[in-house]
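In: coords please:
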Amino acid sequence: MSETDDLTPAESRVWRAFPRGEAVDFRAAENDDPALGTTWGAERTVRASVLRMLLLKSPQREGEIAALKIAGARITGVLDLKYATIDAAIRLSHCRFDDVPNLYGAQLRQLNLSTSVLPGLTSASVRVEGVLRMTDCRVRGPVRLGGAQISGALFMERAEFTALDDSEPVLQLNQVAIGDDLWAPEMRAHGQVRLTGATVAGRINVQDAEFDKPDGIALDAQNLTVGAHVRARCIRAQGRIDLRGARISGRLDLLHARLSHPGDTALRASSCVIGELWLRGGDRIEGALNLRRSQIEILTLEPEMLPDQVYLSNLTYTVLTPHEPAARRLPMLEREDDRYEPYGYEQLTASYRHAGDDDAARFVQLAKQRRRRATLAWYGRLWGYVQDATVGYGFRPLRAAVWLLSFMAIGSVAYGIDHPRPLKADEAPGFNPVFYTLDLLLPVVTFGQESAFAPDGWHQWLSYALIITGWVLATAIVTGVTRAVSRQ
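Out: Below you'll find the model as predicted:
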């Protein structure tokens with residue numbers, strides 16, 4: 001009895017076409033919807049057990065390259081290729097799978113499931129020598145690809161993944177190793193996508209993708225390693241995007257992204273090493289932004305996108321774009337639980353100096369001292385107010401000249417109207433109210449006026465006030481200038 005005796009006419013077509021690598025298309029029209037596959041009759045139904053036997057036996061025809069190419073079929077039963085080694089390419093496009101295929105630990109040359117509808121996919125630890133295509137797939141259950149090794153690219157354009165429950169991630173790519181690109185623009189994931197520990201040698205493209213898990217982590221990509229860029233432009237995420245510990249050699253492009261996780265962290269990119277991070281042009285982030293301890297060469301942050309909570313402690317970056325006035329950048333340093341984090345001010349100062357904007361750098365340093373003042377004891381705060389008012393902590397040196405000229409004018413007018421009496425009338429020089437006032441104001445400079453005249457009454461009280469003011473002003477100037485010079 002021949003092994004093909006119990007095959008249906010549809011299965012016989014597939015069996016005959018396989019050795020020659022010919023395609024078998026059961027579709028009545030190119031736009032046949034595989035979601036309606038339960039209504040398809042025997043004329044386009046193929047048992048999974050027949051496909052398994054065909055792939056394992058791999059009947060060959062001399063001069064031909066065998067391949068399984070089926071379109072528009074309903075596949076019944078479990079396609080069980082667990083631990084199998086298949087030399088033929090597999091393309092099961094526009095198909096309807098009644099049961100979850102099991103490819104755990106299989107070694108495949110190439111797998112194409114484009115535009116098919118599946119109840120799930122069990123393919124952890126699978127090895128694919130070529131590419132794995134799930135373009136336009138619709139999957140109503142977990143896709144388990146954890147630990148997979150794909151020598152080529154993984155394609156998931158416009159694929160839709162839906163979780164039947166929240167017991168596990170809807171798309172599991174944890175510890176996957178991809179030798180080329182992960183290409184998934186316009187992908188839809190209704191449940192968690194897990195990319196923890198994954199390695200992608202090329203690029204990741206999830207532009208216009210949707211990640212929907214409002215009550216938890218929508219995209220878990222901790223310790224992800226990417227050899228080139230991550231294009232996540234215009235993505236929409238309901239739930240946290242977690243990139244903690246990621247290593248992205250090129251650019252993380254989040255232009256026009258919409259990130260939302262109210263009451264929690266919307267984007268966590270802490271302890272990362274990233275070439276460039278772009279956060280610009282999108283809606284204001286709903287939820288916290290965490291960039292703690294990351295190292296980023298070029299950081300593009302648009303102030304309008306930043307949420308109320310921004311965590312930047314120990315964040316290191318070389319260039320901060322777009323170039324904004326310091327007053328628009330400072331609020332992001334004041335949103336970290338209202339704590340004083342001096343490193344953030346130093347990093348922002350360094351970025352302005354790198355851009356050649358010394359005025360903005362001094363403005364940031366002045367803001368740092370004002371923020372620090374709030375953490376001091378009352379006497380420290382009092383001295384801080386004095387330094388701020390007199391010389392702007394050394395970053396506003398012209399204020400000292402204004403104060404000096406103001407008090408000099410007060411003293412000169414007062415003493416010019418009513419001269420103090422000389423100590424020795426026959427030896428005293430001619431009284432000069434301007435230089436007498438300067439003698440009182442300048443602690444280490446003398447013009448011979450103060451020692452020659454003895455004020456009394458209100459003259460004496462004004463002298464005391466000018467002497468004290470001079471010492472306070474001089475001390476503030478020395479302290480501020482020393483601080484400013486040390487920062488250079």
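In: residue contacts, T199?
Out: 176-178, 224-225 (Cβ atoms under 8 Å, 6 or more residues apart in numbering). Yep, even glycine has a C-beta here, placed from its N, CA and C like the rest.
In: what of D253?
Out: By Cβ under 8 Å, 6+ apart, the contact list for D253 reads 229-233, 278.
In: would JSON lines of those with secondary structure be doable?
Out: Listed next are the contacts of D253 as JSON lines, based on DSSP: H, G, I helix; E, B strand; the rest coil:
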{"residue": "H229", "secondary structure": "coil"}
{"residue": "V230", "secondary structure": "strand"}
{"residue": "R231", "secondary structure": "strand"}
{"residue": "A232", "secondary structure": "coil"}
{"residue": "R233", "secondary structure": "coil"}
{"residue": "W278", "secondary structure": "strand"}
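In: between these, which is nearest N112?
Out: Nearest to N112, judged by Cβ to Cβ, of the contacts of D253 is R231 at 23.3 Å.
In: now do the same for the closest one: its pLDDT.
Out: pLDDT, R231: 97.
In: likewise for the one 3 residues further on?
Out: What the model reports as pLDDT for C234 is 95.
In: measure how buried it is and give me the count.
Out: 19 (other Cβ atoms under 10 Å).
In: so it sits right up against V206, yeah?
Out: No - counting by Cβ atoms under 8 Å, C234 does not reach V206; the two are 9.6 Å apart.
In: distance check, D166 against R144.
Out: With the distance defined as Cβ to Cβ, to the nearest Å, D166 ends up 16 Å from R144.
In: ugh, wrong one, I meant S93
Out: For S93, the distance to R144 equals 21 Å [Cβ to Cβ].
In: who's more crowded, these two?
Out: Ranked by neighbour count (other Cβ under 10 Å), S93 and R144 place R144 first, with 25 against 22.
In: who are the contact partners of that one?
Out: For R144, the contacting residues are 104, 120-124, 172, by Cβ under 8 Å, 6+ apart.
In: pLDDT added to the residues you listed, as CSV?
Out: What follows is the contacts of R144, written out as CSV (pLDDT from 0 to 100):
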residue, pLDDT
Y104, 96
G120, 95
L121, 96
T122, 95
S123, 95
A124, 94
Q172, 96
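In: out of these, which are inside strands?
Out: 121-122, 172 (DSSP state E).
In: quick one: buried ones out of the contacts of T199?
Out: Neighbour counting by 16 or more other Cβ atoms under 10 Å classes 176-178, 224-225 among those as buried.
In: hang on, G120 packs against L145?
Out: No - counting by Cβ under 8 Å, G120 stays clear of L145, with 11.4 Å between them.
In: these two: which has the busier surroundings?
Out: L145 (26 against 20).
In: which ones are touching that one?
Out: Contacts of L145 (Cβ under 8 Å, 6+ apart): 121, 123-124, 126, 171-173, 176.
In: among those, who's most crowded?
Out: For the contacts of L145, the largest number of neighbours (other Cβ under 10 Å) sits with L173, at 28 neighbours.
In: which phi and psi does that residue have?
Out: phi -120, psi 30 (degrees, to the nearest 10).
In: thought G197 was touching it, still the case?
Out: No - counting by Cβ under 8 Å, L173 does not reach G197; the two are 9.5 Å apart.
In: okay, strands next: where are they in the stretch 301-450 of the chain?
Out: Ranges of strands in the stretch 301-450 of the chain, per DSSP state E, counting those that start in this stretch, are 310-311, 316-321, 421-422.
In: tell me the most buried of those strands?
Out: strand 310-311 (a mean of 21; mean count of other Cβ atoms under 10 Å).
In: that one pairs with which strands?
Out: strand 286-290 (parallel) (DSSP bridges).
In: quick one: the strand it pairs with to chain centroid distance?
Out: On the basis of Cα atoms, centre = their mean, to the nearest Å, strand 286-290 sits 10 Å off its chain's mean C-alpha point.
In: quick check: mean pLDDT of that strand?
Out: 95.
In: one more: stretch 414-434?
Out: 69.
In: mind checking the end-to-end distance for that stretch?
Out: 10 Å (Cα to Cα, to the nearest Å).
In: same question for stretch 299-308.
Out: Start and end residues of stretch 299-308 are separated by 19 Å (Cα to Cα).
In: residues in contact with that stretch?
Out: Applying Cβ under 8 Å, 6+ apart, the contact partners of stretch 299-308 are 266, 276-289, 317, 319-322, 324, 328-329, 331-332, 335.
In: for the stretch 1-150 of the chain, which segments count as helices?
Out: 9-17, 48-57 (DSSP state H, counting those that start in this stretch).
In: of all those, which lies closest to D358?
Out: Per Cβ to Cβ, nearest to D358 of these: helix 48-57, 69.9 Å.
In: got the angle for that closest one vs helix 9-17?
Out: For helix 48-57 against helix 9-17, the angle by axes from the mean of the first three to the mean of the last three Cα atoms, to 10 degrees is 10 degrees.
In: show me what helix 48-57 packs onto, helices and strands only.
Out: helix 9-17, strand 67-71, strand 74-76 (3 or more Cβ pairs under 8 Å, 6 or more residues apart in numbering; DSSP states H and E).
In: which regions of the stretch 251-400 of the chain lie under the pLDDT threshold?
Out: The stretch 251-400 of the chain contains residues with pLDDT under 70 at 335-338, 383, 386-400.
In: in it, which spans are helices?
Out: Counting by DSSP H, counting those that start in this stretch, the helices of the stretch 251-400 of the chain are 326-329, 342-354, 358-373, 378-391, 398-417.
In: leaving out sequence neighbours, find the closest residue to the spatially most central residue of the chain.
Out: By Cα atoms, centre = their mean, the chain has its centre lying nearest to A269, at 4.8 Å. Nearest residue to A269, sequence neighbours excluded (Cβ to Cβ, 6 or more residues apart in numbering): L243, at 4.5 Å.
In: will you turn the buried ones among the contacts of T199 into CSV that also has distance to S12?
Out: Shown next, in CSV, are the buried ones among the contacts of T199 (distance: Cβ to Cβ, whole Å):
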residue, distance to S12
V176, 37
A177, 39
I178, 37
L224, 47
T225, 47
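In: in strands only, show me those residues.
Out: 177-178, 225.
In: how about those in a markdown table, adding pLDDT?
Out: Shown next, in a markdown table, are these (pLDDT from 0 to 100):
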| residue | pLDDT |
| --- | --- |
| A177 | 97 |
| I178 | 97 |
| T225 | 97 |
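In: D33: which of those residues is nearest?
Out: I178 (30.0 Å).
In: so the closest one makes contact with L195?
Out: No - between I178 and L195 there is no contact under Cβ under 8 Å: 10.3 Å.
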